[in-house]
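1. how would this look folded up:
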Amino acid sequence: MNKKLTAGIMVTLMLTIGALYVPLPTKAYAGHIDFGVIGPVGFVQYTGMYEGAEMAKAEINGQGGILLPAGTWGPAGYYEMVVNYGDEHMMDQTGQQGKAEMNRLIVTEGCQFVMGGFRTECVGPMRDEAAGLANDPDYKRPIYIIAGAATNELVDCKNAYGYPPGPCGACVRCNYALYQYTFRYTPVNSTTLFMTILGAAGNALAKLNKIYDGATVNTAIVCETLSWTVAMRAGLTAYLPAYGANIVYNPDTVDPYAEDYTDIITAIKAAHTRLVINVFSSEGGRTFARQCHPTQLDVNASLIGIDVLGQLSETWDKPTPDAGLCEYETFLASAGTRTPFTAAGPDGYGRFGTIATTAFWDAYVARWGHAPIYTAWGVYDGLIGLAESIENAGSIDIAAVKNEMEGEFERLGVLGKFKFTNHHDVYSDELGNDWDNGYVRAHMVQWQRTASGVMQVVSPNDQDFSRRWMIADTMYSLDGFDINLDGKVNILDAIRLAGAFGTRPGDTNWNIEADIKVNGVINILDAIALAGKFGKSVTPFPMAQ
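-> Numbering: from 1, shown residues only. This is a model prediction of the structure:
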């Protein structure tokens, strides 16, 4: 083989391997920069933070480190990213142990930048400790980037929009002088999460309202009893009726860590519920969803909401041999299974560029053996973005880096375009079925049995990767075949399928409800599937709730 060709192939292979987080040959570092990652040790949210941080560290150091000119930090050259880990002590809801751990990372470990924080009760005191030290002339550090807690007030209470009335005095918007070094990278704030769930619930209610009799759809709200869900539950209770929900069950107390939700599910079934809005950040969410499955207690209702642990691939795979007990559950997530949000390539902002979303997913699964959850996506992308900001500022001074993050900071990450709002929160300008601008957002995904269990993005529904929202055939046996939802599979459905034949998402005549096989194209396979159900009907229709 030609020697030049052989050398070219070898270089290409080396670069490809480097992109998958195998460090390139090391060089002498000019020094190191201490970063901190803090979260609930022993819980999956921390696992995601740790794993995302380790991948970001490997990526950054694998490219030589963070390039800086000479300064008070040392000589010009490449600086190694060193990550120190801390425990927010989530079960201490006074937040004092988490506050002490934040102090340790800053004062003892010398962290210039800290990322993480999950439980609101812990993040508040940790944030205040970081803010106090950042404004202390004896320390002047750190920049603290929240990556795990959604509560508005931690960053921006949004008083300008009337909630809460008047300045709170304890967020970036209301007390910039104190909280100027506080940012959030993930998730989007609670208001945005709430509006995303509300929109998805509205889509579901519109469909269910055609299938079941009555002017409204019997709906249950099941929110774990924690401080972050108080406003969420109140909002759902207030606004869901406007979308066609009849709230028939809404318990005041739901144990986040229960091992059995039989009593709640029994009450839901007794109320003839057809839609359940479930909100869990804890292990209880997975337990609840599994017990609701048609093969278990069979709640006979669709589940839509927040199930943080539902994002893990283990949710589908376990418990064996009853894999797939989360089938049909719909919940907020950063991404579905290998959802191709972004392609590989430089983003025009920093030296590290962007790898494809699917490449990150594959490398993550290969390294850790399971899918990433939102804290993994956020900490990985956040540390890469922070390294880019440091390089662009040419300094580790937090004032200089903050100014860079507040200025023209915008980058393409693995989840889409990212920038901060004027008040240091995640900029996210789209909530519903459309995603035109490409800034990071909350997605609604559903566990579906296609390809042996995958999370499919069902909202937004205008993307190439968007798929049809499904309901269990035990609820409605003609779901996916009765395209016009009239209780029959007949010529009217065939006409709709024919009108969309050959189309894909984005095409003019695309009809996501005619994608019977849920594979992103309407073709002969969908026609054959429709023919197999042709002439079937459900009586009476609409069905009784």
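2. what's the burial count for residue 403?
-> 14 (other C-beta atoms under 10 Å). For the C-beta atoms, the positions are set from N, CA and C on the backbone; glycine is no exception.
3. How about the one 4 residues further on?
-> The number of residues packed near residue 407 is 12, by other C-beta under 10 Å.
4. do residue 441 as well
-> Residue 441: 23 neighbours (other C-beta under 10 Å).
5. Leaving out the residues flanking it, which one is nearest to it?
-> Spatial nearest neighbour of residue 441, chain neighbours left out: residue 428 (4.9 Å); criterion: C-beta to C-beta, 6 or more residues apart in numbering.
6. could you pull out the helices for the stretch 351-500 of the chain?
-> In the stretch 351-500 of the chain, the helices defined using DSSP state H, counting those that start in this stretch lie at 357-368, 374-393, 398-406, 491-499.
7. Compute the inter-axis angle for the longest one and helix 357-368.
-> This points to helix 374-393. Put simply, helix 374-393 runs at 110 degrees to helix 357-368, going by axes from the mean of the first three to the mean of the last three C-alpha atoms, to 10 degrees.
8. Quickly note the distance from residue 83 to residue 456.
-> Going from residue 83 to residue 456 by C-beta to C-beta, to the nearest Å gives 33 Å.
9. same check, this time on residue 77
-> Relative to residue 456, residue 77 is positioned 46 Å away (C-beta to C-beta).
10. which one of those two has more residues nearby?
-> Neighbour count, other C-beta under 10 Å: between residue 77 and residue 456, residue 456 has more, with 23 against 17.
11. closest to residue 424 out of the helices of the stretch 351-500 of the chain?
-> Nearest to residue 424, of all the helices of the stretch 351-500 of the chain, is helix 398-406, at 7.7 Å by C-beta to C-beta.
12. Tell me which residues are up against that closest one.
-> If you take C-beta atoms under 8 Å, 6 or more residues apart in numbering as the criterion, helix 398-406 is touched by 112-113, 134, 140-143, 180-181, 183, 386, 389-390, 392-395, 420, 424.
13. Put the alpha carbons of it into CSV.
-> Extracted C-alpha coordinates of helix 398-406, given in CSV (Å, rounded to 0.1, in the frame of the first residue of the first chain):
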residue,chain,number,x,y,z
ILE,A,398,-14.2,34.9,37.5
ALA,A,399,-15.1,38.5,36.5
ALA,A,400,-13.5,38.1,33.1
VAL,A,401,-15.1,34.7,32.5
LYS,A,402,-18.4,36.0,33.7
ASN,A,403,-18.2,38.9,31.3
GLU,A,404,-17.6,36.4,28.5
MET,A,405,-20.5,34.2,29.5
GLU,A,406,-22.8,37.3,29.7
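14. need the strands for the stretch 301-450 of the chain, in chain order.
-> Using DSSP state E, counting those that start in this stretch, the strands of the stretch 301-450 of the chain run over 302-307, 330-333, 411-413, 416-418, 443-448.
15. Would you mind putting these into JSON lines with mean pLDDT, mean neighbour count and distance to residue 248 alongside?
-> Output for the strands of the stretch 301-450 of the chain, formatted as JSON lines (pLDDT from 0 to 100; neighbours: other C-beta atoms under 10 Å; distance: least, C-beta to C-beta, whole Å):
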{"stretch": "strand 302-307", "mean pLDDT": "96", "mean neighbour count": "27", "distance to residue 248": "14"}
{"stretch": "strand 330-333", "mean pLDDT": "96", "mean neighbour count": "27", "distance to residue 248": "20"}
{"stretch": "strand 411-413", "mean pLDDT": "88", "mean neighbour count": "21", "distance to residue 248": "41"}
{"stretch": "strand 416-418", "mean pLDDT": "92", "mean neighbour count": "20", "distance to residue 248": "37"}
{"stretch": "strand 443-448", "mean pLDDT": "95", "mean neighbour count": "26", "distance to residue 248": "23"}
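16. Domain ranges for this protein, per the record?
-> Following automatic domain parsing, the chain resolves into domains at 3-187+338-418, 192-333+436-472, 476-545.
17. the helices in the stretch 1-150 of the chain, which residues?
-> With helices called from DSSP H, counting those that start in this stretch, the stretch 1-150 of the chain shows them at 3-19, 44-62, 96-103, 120-134.
18. residues in contact with residue 114?
-> Counted by C-beta under 8 Å, 6+ apart, residue 114 has contacts 35-38, 102, 105-106, 130, 142-145.
19. of the residues you listed, closest to residue 318?
-> So of the contacts of residue 114, ranked by how close each gets to residue 318 (C-beta to C-beta), first place is residue 37, at 26.8 Å.
20. Let me know which of the helices of the stretch 351-500 of the chain is the nearest to residue 446.
-> Short answer: helix 374-393, nearest of these by C-beta to C-beta, at 16.4 Å.
21. helices and strands around the closest one, which ones?
-> Taking 3 or more C-beta pairs under 8 Å, 6 or more residues apart in numbering; DSSP states H and E as contact, the helices and strands that helix 374-393 lies on are strand 31-39, helix 44-62, strand 66-68, strand 113-116, strand 143-147, strand 182-186, helix 398-406, strand 411-413.
22. Just the C-alpha atoms of that helix, please, in PDB.
-> The C-alpha coordinates for helix 374-393 follow below in PDB (Å, rounded to 0.1, in the frame of the first residue of the first chain):
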ATOM      1  CA  TYR A 374     -30.100  15.200  31.900                       C
ATOM      2  CA  THR A 375     -27.400  15.900  34.500                       C
ATOM      3  CA  ALA A 376     -24.900  14.000  32.400                       C
ATOM      4  CA  TRP A 377     -25.800  15.900  29.300                       C
ATOM      5  CA  GLY A 378     -25.700  19.200  31.200                       C
ATOM      6  CA  VAL A 379     -22.500  18.800  33.100                       C
ATOM      7  CA  TYR A 380     -20.700  17.500  30.000                       C
ATOM      8  CA  ASP A 381     -21.800  20.300  27.800                       C
ATOM      9  CA  GLY A 382     -21.500  22.900  30.600                       C
ATOM     10  CA  LEU A 383     -17.800  22.000  31.300                       C
ATOM     11  CA  ILE A 384     -17.000  22.100  27.600                       C
ATOM     12  CA  GLY A 385     -18.700  25.500  27.300                       C
ATOM     13  CA  LEU A 386     -17.000  26.800  30.400                       C
ATOM     14  CA  ALA A 387     -13.600  25.700  29.100                       C
ATOM     15  CA  GLU A 388     -14.400  27.600  25.900                       C
ATOM     16  CA  SER A 389     -15.300  30.700  27.900                       C
ATOM     17  CA  ILE A 390     -12.100  30.600  29.900                       C
ATOM     18  CA  GLU A 391     -10.000  30.300  26.700                       C
ATOM     19  CA  ASN A 392     -12.000  33.100  25.000                       C
ATOM     20  CA  ALA A 393     -11.600  35.300  28.100                       C
END
